[in-house]
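J.: dropping a prediction and its sequence here:
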Amino acid sequence: MNSFLALLPLLIIFSASLLVLILEVFVKKENKNYLAYISLLSLAACGFICVMFWNKAYSYFSGNLLLDNLSLFLIFLLALATGFVILLSMKYISLQDTNYGEFYALLLLAFSGVIIMVSSSDILVIFLGLEVLSISSYALAALRRKDEKSSEAAIKYFLLGSFATAFLIYGLALLWGSTLSTNISSIIQYFESEASLSLMALIGLGLVTIGFGFKIALVPFHMWTPDVYQGAPTPVTAFFSVIPKAAGFTILLRIFYPYWKVALDSQAIFWLLWILSVLTMVVGNLLALRQTNLKRILAYSSIAHAGYLLVAILAQDASSLVFYLTVYLFMNIGAFAAVIALSKKDKEYLELEDYAGIGFKYPWIGATFSIFLLSLAGLPPTGGFLAKFFVFSAAVKQDLVPLVIIGVLASLISVFYYLRIIVYMYMREPSREVEIHMENPALFLVLFLCLYGVFQLGLFPRNVLILIEQAVRSLPFL
Amino acid sequence: MNFPILSFLIFFPLAGAFLFIFIHRDKHNLLRFLALGIALITFIFSLSLYFNFNAQTPDPQFVEKAAWIGYGIQYHVGIDGISLFLVILTTFLMPIVLLSSWTHIQKRIKEYLIFMLLLETGIIGVFVSLNLFLFYVFWEAMLIPMYFLIGIWGGKRRIYATFKFVLFTMLGSLLMLVAIFFLYSMYYKATGTYSFNLFDYHNLILNPNIQIWLFLAFALAFAIKVPMFPFHTWLPDAHVEAPTAVSVILAAVLLKMGAYGFLRFAIPLFPNAVMKFLPYLAVLCLIGIIYGGLMALIQKDIKSLVAYSSVSHMGLIMLAVFALNFEAVEGAIYQMINHGLSTGALFLIVGILYERSHTRLIKDYGGVSKQMPVFSAFFLICLLSSVGLPGLNGFVGEVLCLFGVFKANKLLAILGVSTVILAAGYLLWMFQRVMQGPIKNEKILSFKDINKRELCYLLPIVIMIFWMGIYPKPFLRKMDTSVSHLLDRVNKKTVYFTEAQKDNDLPLIIEEELIQEKNDEKEEKPI
């Protein structure tokens, strides 16, 4: 249904972002938390709208912005994630000298880019959203102005991001040249015809895939990830590890889900993705083994998870992909929350050595962090297990058995480094003095909400699965 | 029966563990008594399984089935004659090991007890699950408490040992997971419905070539768990480093999961592949028997001696499982319980010695029996039970196993007997060096004989050792129907497979109608 209402989520978030930016000038430094409350409020409103619009399928701009169930589900999910990130950063930015009002404004702006990305069906519009997201992200990475690492992260992110954009644009140009359209469904329809066997469109599609491959950090386009994750303020890292990734995979899903069904010859792209997926799973996990910095470990782990998600794309199974993204949100943000918890004024504890004995010293943080790590490793009864379970079982159903075997073996490698963190927390005697700032109710709220999410999705995911089934039904060919 | 007894057994310890979160960590005695109470209540309830068990039917009993996640994932539990005693063995040993670690574990008692109770939940869950998803969840989830128990309360090389244990087990089980997916998608392709139900998979006819791969994946997971040679290397490390109570559970119950997995899953699901691999598997078992025994002979550490004896004994049990005849399989199950009792008891005994002297090296001991006469008697009984002395439980099991193996293959049986000879060798020699002779170490002079608490937990085991040795009938008769049903399946199905596969390259068809026809034609009794 064509309706102006389709713009509502975008407008709310965008105007909240501007409001925060203006108010920042007038609000005293000790009252900066109000900016966070405003941001949270706008996200809540956005989430509420998603619930109200369920099954309504409003669209605007002649269908270029379409709030189908899939986009509503993802907007809701990512609004939740952004909310978590804001809760995590409320204390963090004052403790770590990042106390700038533009922090929230940029987060909201980035999120509005995500809304455009997930709700659009036109690649050019998607590109627009991607740029909004990216440029805000570059600024977010640089927010710790006095920290060299933070600036390095921003520069790296910016350069490689632009590089990726170039790939994307070039691919788009080739696709437009052969299909005369930027709309995903007409591009896909083109692949039904004999003409699609020409090389141009294929290269175009491949380049677009690579462009998104940068954004979602597939190996070998992952080089920026560890440095950016390490340099950016930790809540921002949590944001990077979840939200752009989820948005990127949504686009890939929208492109490839119909593509597999209609394309005359999908072999080339299939094998491209197959190889990317294997490389991402194996290399991501192997490189994580050697890291000693928690943020870098989590960076490589998030690379590896992109590999598993790509398996879901290859398995042509939309619901397992969305379910994986949902679980990934909770367990990854939860893990980052635990990392953020281990900090005090102007000091973050990020080395593995710092974690020695933490499990018994701070039992709640240790226990919840362990559960998130076990979930990331894919051990039952957590959500991480069920997510991998659905993805791999869908892949076996599509006769991708070798891919699945590589995938489970890669996740065996991952068990090693996740458990190593637990070893430090519980099985080593503390070797360094670690004092942390405990008065952080917002952070503990996130920690427990994520814990709840991980178990709810691991033990009783029925309702969420039903919602996801409804959401993916809005994809063509289901 | 209306009371959901199996769910109670699974979730009562879990609920107990949850309760522990709210108890202050310094109230040590409260925590200990509470944990013991929970374990005892679980045990008492599990006894009702035995009394209400109907030995006449091979179908699973005390079945509970509930919708859960969808996509064929159900909560589906039940037990038959094969799993009945393994469940009771678990609940029987849990209070015993909690008593045994009463003073041994001094630090972080709260966490220790929580993990022990979680472990009990996981183990019982594995033995009663009839849905492959549920089974896998318990199978893997159980690793988590084990990982912590060995890693936090273990010895010097505990981190190495616990990593090795977890990674080895997961390597096998992840490949098994892929095989489970494969079965799942096969079933979906054949019927259009999702199912993880074990009994639904019994209706599948799989192409023998596919079966081979699936069987290998399952067999690897279970062979690592048993452990069969050459996948046994994690076991001595884990045993030596683990605290006493965990060693007991590991030897007595966890290793049985491997054998149980073969009986419950690998063999009935892939009978053709089993037939194909039988010779190789038997040779591996045989190597395990002899290799484990020889390794045990040369160990300097008592605990690793007992660990290697486990490799040897489990080799015999697996050999009997693969003999696939009535006596052998029944003997194997019986011997699983025996091994749980006697090896568990030996680990407890090593723990008692260790608590007094803080060493496990054989050369540090000598003449202990002079100081600890009562203990010495208990030690000897458990040891002889492990050797297989007539009149004690080990004899019954070993004789049944060896009879069965003999029926299947004489050479294997002749070589398999070496397990008894070797066991007599390494165990008695160890006993001689530790308990008899002159007292070389002055520390031993200060040893006190076992106290009431230690008596409390050794006595039930010794009673069971005698009872099962003298009057095994109440145990064996409960298994009869289930075992013969299992063997029926394996033997009969082979016929169908070969017939059905002749002109059928499709991965599978549903055989229910086929079975019905065949039954009507050839046999009177329903499957």
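T.: Yes, it's here. Please read all numbers here as calculations on a predicted model, not as lab measurements.
J.: for B:E64, list the residues it contacts.
T.: By Cβ atoms under 8 Å, 6 or more residues apart in numbering or on different chains, the contact set of B:E64 is B:P4, B:L6, B:S7, B:Y75, B:H76, B:V77, B:G78. Yep, even glycine has a C-beta here, placed from its N, CA and C like the rest.
J.: farthest-apart pair in the residues you listed, please.
T.: Pairwise distances across the contacts of B:E64 peak at 12.5 Å for B:P4 and B:H76 (criterion: Cβ to Cβ).
J.: look at the two and report which has more neighbours.
T.: B:H76 (24 against 14; other Cβ atoms under 10 Å in any protein chain shown).
J.: gap between that one and B:A67?
T.: 10 Å (Cβ to Cβ, to the nearest Å).
J.: by neighbour count, which of the contacts of B:E64 wins?
T.: The most neighbours of any of the contacts of B:E64, using other Cβ under 10 Å, belong to B:V77, which has 28 neighbours.
J.: quick check, pLDDT for it.
T.: For B:V77, the pLDDT comes out at 91.
J.: pretty sure it is touching B:F8, no?
T.: No. Judged on Cβ atoms under 8 Å, B:V77 makes no contact with B:F8 at a distance of 10.8 Å.
J.: model confidence for B:I510, exactly?
T.: 49.
J.: and what of B:P526?
T.: For B:P526, the pLDDT comes out at 40.
J.: do B:L506 as well
T.: Per-residue confidence at B:L506 stands at 48 (pLDDT).
J.: surely B:L389 is within a helix?
T.: No. B:L389: not assigned to a helix; according to DSSP: H, G, I helix; E, B strand; the rest coil it is coil.
J.: ok, now how distant is B:L30 from chain A?
T.: 18 Å (Cβ to the nearest Cβ, to the nearest Å).
J.: list the contacts for the spatially most central residue of chain A?
T.: Compute the mean C-alpha point of chain A, and by Cα atoms, centre = their mean the closest residue is A:V242, 2.2 Å away. A:V242 sits next to A:L78, A:A81, A:Y328, A:L329, A:N332, A:I333 when contact means Cβ under 8 Å, 6+ apart.
J.: what about the residue nearest to A:V339 when sequence neighbours are not counted, how many neighbours?
T.: Closest residue to A:V339 apart from its sequence neighbours, by Cβ to Cβ, 6 or more residues apart in numbering or on different chains: A:L294 at 5.3 Å. Look at A:L294: counted by other Cβ under 10 Å, it has 25 neighbours.
J.: equivalent analysis for the one 4 residues further on, please.
T.: Using other Cβ under 10 Å, A:L298 has 27 neighbouring residues.
J.: with B:L14 instead?
T.: 17.
J.: kindly report the same for A:A356.
T.: When neighbours are counted by other Cβ under 10 Å, A:A356 registers 20.
J.: what's the distance between it and chain B?
T.: Distance of A:A356 to chain B, given as Cβ to the nearest Cβ: 12 Å.
J.: returning to what we had before: which single one of the contacts of B:E64 is nearest to B:N203?
T.: Nearest to B:N203 among the contacts of B:E64: B:H76, at 15.8 Å, using Cβ to Cβ.
J.: counting by contacts, list what the helix or strand where that closest one lies packs against.
T.: Using DSSP states H and E, B:H76 sits in strand B:73-79. Here strand B:73-79 touches helix B:5-20, strand B:61-70, helix B:109-128, helix B:132-141, going by 3 or more Cβ pairs under 8 Å, 6 or more residues apart in numbering or on different chains; DSSP states H and E.
J.: and the third one, average pLDDT?
T.: Per-region confidence: helix B:109-128 scores 92 on mean pLDDT.
J.: quick one: contacts for the residue nearest the centre of chain B?
T.: Closest residue to the average C-alpha location of chain B: B:K256 at 1.4 Å, with Cα atoms, centre = their mean. For B:K256, the contacting residues are B:L86, B:L89, B:M336, B:H339, B:G340, by Cβ under 8 Å, 6+ apart.
J.: with adjacent residues omitted, what lies nearest to the second one?
T.: The shortest distance from B:L89 to any non-neighbouring residue, by Cβ to Cβ, 6+ apart, is to B:G340 (5.0 Å).
J.: burial count for the one you found?
T.: Number of residues near B:G340 (other Cβ under 10 Å) recorded here: 26.
J.: strands of the stretch 301-450 of chain A, start to end?
T.: Along the stretch 301-450 of chain A, counting by DSSP state E, counting those that start in this stretch, strands occupy A:343-344, A:347-348.
J.: which neighbours does the first one have in its sheet, and in what orientation?
T.: The reference is to strand A:343-344. strand A:347-348 (antiparallel) (DSSP bridges).
J.: what separates the partner strand from the chain centre, distance-wise?
T.: Per Cα atoms, centre = their mean, to the nearest Å, the displacement of strand A:347-348 from the mean C-alpha position of its chain is 25 Å.
J.: which residues touch it?
T.: Under the criterion Cβ under 8 Å, 6+ apart, residues A:Q96, A:T234, A:V339, A:I340, A:L342 lie in contact with strand A:347-348.
J.: quick check, nearest of those residues to B:L98?
T.: The nearest member of the contacts of strand A:347-348 to B:L98, counting by Cβ to Cβ, is A:L342 at 34.0 Å.
J.: list the contacts for that closest one?
T.: A:E348, A:Y349, A:D354, A:Y355, A:I358, A:Y362, A:I365, A:V434, A:I436.
J.: what residues does chain A put near chain B?
T.: A:360, A:374, A:379-381, A:385-386, A:389, A:392-393, A:395-397, A:401, A:404-405, A:408-409, A:411-412, A:415-416, A:419, A:422-423, A:426-427, A:460-462, A:465 (Cβ under 8 Å from any Cβ of the partner chain).
J.: go again using 7 Å as the cut-off
T.: Within chain A, the positions lying close to chain B (Cβ under 7 Å from any Cβ of the partner chain) are A:360, A:374, A:379-381, A:392-393, A:396-397, A:401, A:404-405, A:408, A:412, A:415-416, A:419, A:423, A:426-427, A:461-462, A:465.
J.: which ones among those map onto helices?
T.: Mapping the residues of chain A next to chain B onto helices (DSSP state H) picks out A:360, A:374, A:392-393, A:396-397, A:401, A:404-405, A:408, A:412, A:415-416, A:419, A:462, A:465.
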